[in-house]
Each structure stands twice: as structure tokens, then as C-alpha cells.
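*Asks:* test case, fold it:
(2 chains)
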Amino acid sequence: MISSSLTVDRSEFEAATGWQLKPEGACKGEVCIPLAEPAGDTVQIDTLAPQLGMGLAHDEAAGLWAVGPAALGGRALATTAAPNLTLPDLDGNMFQLDSLRGKKVLLIAWSPY
Amino acid sequence: MWQALRNELHGEGFEVVTVGIDTAGAEACRRFIEGASPEHPSLIDQHHVVSSMFGIINIPNSVWIDEEGNIVRPAEAAPAPPSFADVERVNPFEGMTEFPERAGAIMAEAIGIESSPEEYEAALRDWVAKGSDSAFALSPDAVIERSQPRDPNTSLGQAHFALATHLELEGNHDAAIGHFAKAHELVPDNFAYKRQAWSLEPGGDTPFARFWQGPQEGNEDAWPYASEWVSEVKAMGAANYYPKFQA
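*Replies:* Predicted structure coming up:
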């Protein structure tokens, strides 16, 4: 996620990272990571990010912060449950990977460069 | 490229989803997608979210997902199916009559890049036919174990890449370069991060431009990155560009 402040709304953090901040900790699917203190309506990303193994990058001139994905367990995948990839097609129509439940899916990443 | 195989296997409960990864967005992908006329979902990923979500590190890469939404093979090299090799593709050299020296150097390396398209297609067909009984559908532990390594430094590199993308899309290309470079340094295995950033530098006024991925002749000092495609592929050995298919 990208933010112009180290203090962000909890809901914004949750929507951008997919981690729900609950009384028992930060949770995604069945994984819950206990936090040093329970999250309020706003969270400090510089306090929260290290607890989830998330990198925090800064651009001073632009006044922006970026949070990387959680690094837990040393691997890109913490679970085999496929995330609900949601992306637009050429015309801007949003597509959700979950809409293909019941089918075997071959996801292919390519690029024009 | 995948359309014919998709059509053949679609009746067996199989679908292809292609994701074009490009900071330059939908318009940069359009001629390739329209050229392939896909009937399957064909998506645009301007922010490389498939890298953080699935651990995709080069292109083309694939992920296999079963009927219940479980990943059964994590990100790996995905060569296009050889049985449909005659399917029309966009030719990046179209309209070019003269080939600059660098184009030759790129082709000399590209020719040494190895993949296992027959083996990959056979494995894919086996999985579509047999599902979880296929030897190519991995156990959950193997899926996680074979997904890309990620530590807080990798995550920091991905954060820098996200900042770079944001700045680039705001039109602040000069500010983006430093963060792209930081991402390259922190996540050296992510070749998509490198190819992406290199492809956003001027590549000459030809259809080949986005494959140029290196300094302009006579203006080498203007190249902002520590490496470029040709020397990097030479150093790693073209044969190692894509890891071998691992049953």
C-alpha cells in the first residue's frame, strides 16, 4: 500500500493489505499474528509493518510511504489458498479469480517487454 | 498463444487466465491481446500485484489453481505450448529493415534461453485429466516450500517497487528510477522487476524499443541502472534464465 502518512485508517490498511486487525492480532485466512498492542481506528504503519515482516519504503521528496507484503515463514506463499486476484481487463472491467471456483485454472503472467 | 489449448481443454473444466504485467498499462498490452483474440479472461496488472500475491518473478510464469481455489503448483516458468506453435504471434521485429548491433546481441543470448515446453504441456494435460491424482499436482507443503523465498528484505524491495510504480504513473520518472534500482538490489531474483524498469527507458524509435533494455549507443552514460539485459543474461548463463521444469 502507498500512504502519505505513517498514520492510516485501520480500514484502509485492512483493504490494502488483506490483513484484518482483530483483538487477537493481525489475521489473514486462518493465520493470526499477535500484535504488541491491539489496533485502534488508526494504525501506525511503522510500528505495525515490522511485526508482520512487511518492508516499509520511503520517498522523502514525494512524502510517500509504501508497505511491502507480509514476509512470514520465509516463503512468498504462507498458505495454498489462492488469493482472490482482482484485476481489470483491457476495457477496465474488473475480474475476480474466485469467480472461477469449480474450474482448474492456469494463471499465466506475461508482458509486452 | 494459450487460446487453442484452452479451447481444447475447456470442456474438461479448465480455464486459462492471462495477466499482462506492465506499468505502462492496458494500452501497452492491447495489440498483443487483440492479436491473440482470447476467449478466456485476459487481465492487466499495472502494479505487479502477482509478484507479491503469488511470488511470480519472471515472465512467462504460471500458477496452477484447483477447483477449490487451492494452489497446486506455485509460480514457475511457463513455456507456451509447442503443439500450438503455429498460432499467430505478434512479431516485435515487424516493420524493421535494419537491425542495430544491440538487437543482434539480444538475439544471441535469447537463442540460448532454454525451457521445457513439451514437458510442461504434458504435465498440464496430465493434471487437467487426473486432478489431484496427477503427480504434477503438488502437496500443500511442497507448494509452499517451492514458492519463492521471501524475507523482510524481499518485502522492502517490493515496497520500493510499489513506490517506483506510483511515482512513474504520476509522471515522475526520474524519482521512480531510484526505487526501481532499490527493488532490483533487494529482490535480485525478480527478473520481471528488472525487465519492467529497463523497458521504461528509451529504446530507440523502433517496434523493438521495449526489448532494448539497455544503454543507447553513444549515450551509455545516460543509462541509470547497474545492469542491463544482455550482460545480466550473459552473467547468469542464458540456459539458467528459466529454472528447469521440476516434476
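*Asks:* for chain A, what spans make up the helices?
*Replies:* A:10-17, A:45-51 (DSSP state H).
*Asks:* can you list those helices in TSV and add mean pLDDT?
*Replies:* As requested, the helices of chain A are arranged in TSV below (pLDDT from 0 to 100):
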stretch	mean pLDDT
helix A:10-17	95
helix A:45-51	96
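*Asks:* just say helix, strand or coil for the residue nearest the centre of chain B.
*Replies:* By C-alpha atoms, centre = their mean, chain B has its centre lying nearest to residue B:59, at 1.4 Å. Following DSSP: H, G, I helix; E, B strand; the rest coil, the label given to residue B:59 is coil.
*Asks:* does it touch residue B:193 like I think?
*Replies:* No: here residue B:59 lies out of contact with residue B:193, judged by C-beta atoms under 8 Å, at a distance of 10.9 Å. (Each C-beta comes from the backbone N, C-alpha and C, glycine too.)
*Asks:* show me the contacts for residue B:22.
*Replies:* Counting by C-beta atoms under 8 Å, 6 or more residues apart in numbering or on different chains, residue B:22 makes contact with A:111, A:112, A:113, B:28, B:29, B:44, B:45, B:46, B:196.
*Asks:* what is the neighbour count of residue 82?
*Replies:* Here I'm looking at chain A. Residues lying near residue A:82 (other C-beta atoms under 10 Å in any protein chain shown) number 24.
*Asks:* can you look at chain B instead?
*Replies:* Neighbourhood size, residue B:82 [other C-beta under 10 Å]: 13.
*Asks:* pLDDT score for it?
*Replies:* Residue B:82 is assigned a pLDDT of 76 by the prediction.
*Asks:* before we move on, what about residue A:29?
*Replies:* Note for residue A:29: predicted pLDDT of 80.
*Asks:* look up how far residue A:79 lies from it.
*Replies:* Note on residue A:29: its distance to residue A:79, by C-beta to C-beta, to the nearest Å, is 6 Å.
*Asks:* more neighbours, those two?
*Replies:* Neighbours were counted for residue A:29 and for residue A:79 using other C-beta under 10 Å; residue A:79 has more, 16 against 11.
*Asks:* one step back: okay, and the common contacts of residue A:29 and residue A:79?
*Replies:* Counting by C-beta under 8 Å, 6+ apart, no residue touches both residue A:29 and residue A:79.
*Asks:* most neighbours, which of the contacts of residue B:22?
*Replies:* The most crowded member of those, judged by other C-beta under 10 Å, is residue B:196 (28 neighbours).
*Asks:* surely residue B:216 is in a strand?
*Replies:* No: counting by three-state DSSP, residue B:216 falls outside a strand, being coil.
*Asks:* from what I can see it touches residue B:202, true?
*Replies:* Yes: with contact defined as C-beta under 8 Å, residue B:216 and residue B:202 form a contacting pair (6.5 Å).
*Asks:* the more surrounded of the two?
*Replies:* Neighbours were counted for residue B:216 and for residue B:202 using other C-beta under 10 Å; residue B:216 has more, 15 against 12.
*Asks:* what's the top helix by length along chain B packed up against?
*Replies:* Determined from DSSP H, the single longest helix within chain B is helix B:152-169. With contacts defined as 3 or more C-beta pairs under 8 Å, 6 or more residues apart in numbering or on different chains; DSSP states H and E, the packing partners of helix B:152-169 are strand A:2-3, strand A:56-59, strand A:64-67, helix B:49-54, helix B:173-186, helix B:191-199.
*Asks:* for the worst-scoring helix or strand of chain A on mean pLDDT, which outside residues touch it?
*Replies:* The weakest-scoring helix or strand in chain A, judged by mean pLDDT, DSSP states H and E, is strand A:31-33 (a mean of 89). Strand A:31-33 is contacted by residues A:22, A:24, A:25, A:26, A:27, A:51, A:52, A:72, A:78, A:79 when judged by C-beta under 8 Å, 6+ apart.
*Asks:* quick one: classify residue B:99 as helix, strand or coil.
*Replies:* Per three-state DSSP, residue B:99 ends up coil.
*Asks:* and for residue B:64?
*Replies:* Here residue B:64 is recorded as strand under three-state DSSP.
*Asks:* name the nearest residue to it, sequence neighbours excluded.
*Replies:* Of all residues not flanking residue B:64 in the chain, residue B:73 sits nearest, at 4.0 Å (C-beta to C-beta, 6 or more residues apart in numbering or on different chains).
*Asks:* could you do residue B:190 as well?
*Replies:* Of all residues not flanking residue B:190 in the chain, residue B:57 sits nearest, at 4.5 Å (C-beta to C-beta, 6+ apart).
*Asks:* before we move on, what about residue B:105?
*Replies:* Nearest residue to residue B:105, sequence neighbours excluded (C-beta to C-beta, 6+ apart): residue B:230, at 4.9 Å.
*Asks:* residue ranges in chain B under the pLDDT threshold?
*Replies:* When residues are selected by pLDDT under 70, those of chain B lie in B:83-95, B:204-207.
*Asks:* if we can go back for a sec, can you tell me which of the helices of chain A is nearest to residue B:17?
*Replies:* Comparing the helices of chain A against residue B:17 with C-beta to C-beta, the closest turns out to be helix A:10-17 (22.7 Å).
*Asks:* just how off-centre is that closest one within its chain?
*Replies:* Put simply, helix A:10-17 sits 8 Å off its chain's centre (C-alpha atoms, centre = their mean, to the nearest Å).
*Asks:* what's around the spatially closest residue to residue B:78 that is not a sequence neighbour, how many residues?
*Replies:* Using C-beta to C-beta, 6+ apart and skipping the chain neighbours, the partner closest in space to residue B:78 is residue B:62 (3.4 Å). Counted with other C-beta under 10 Å, the neighbours of residue B:62 add up to 26.
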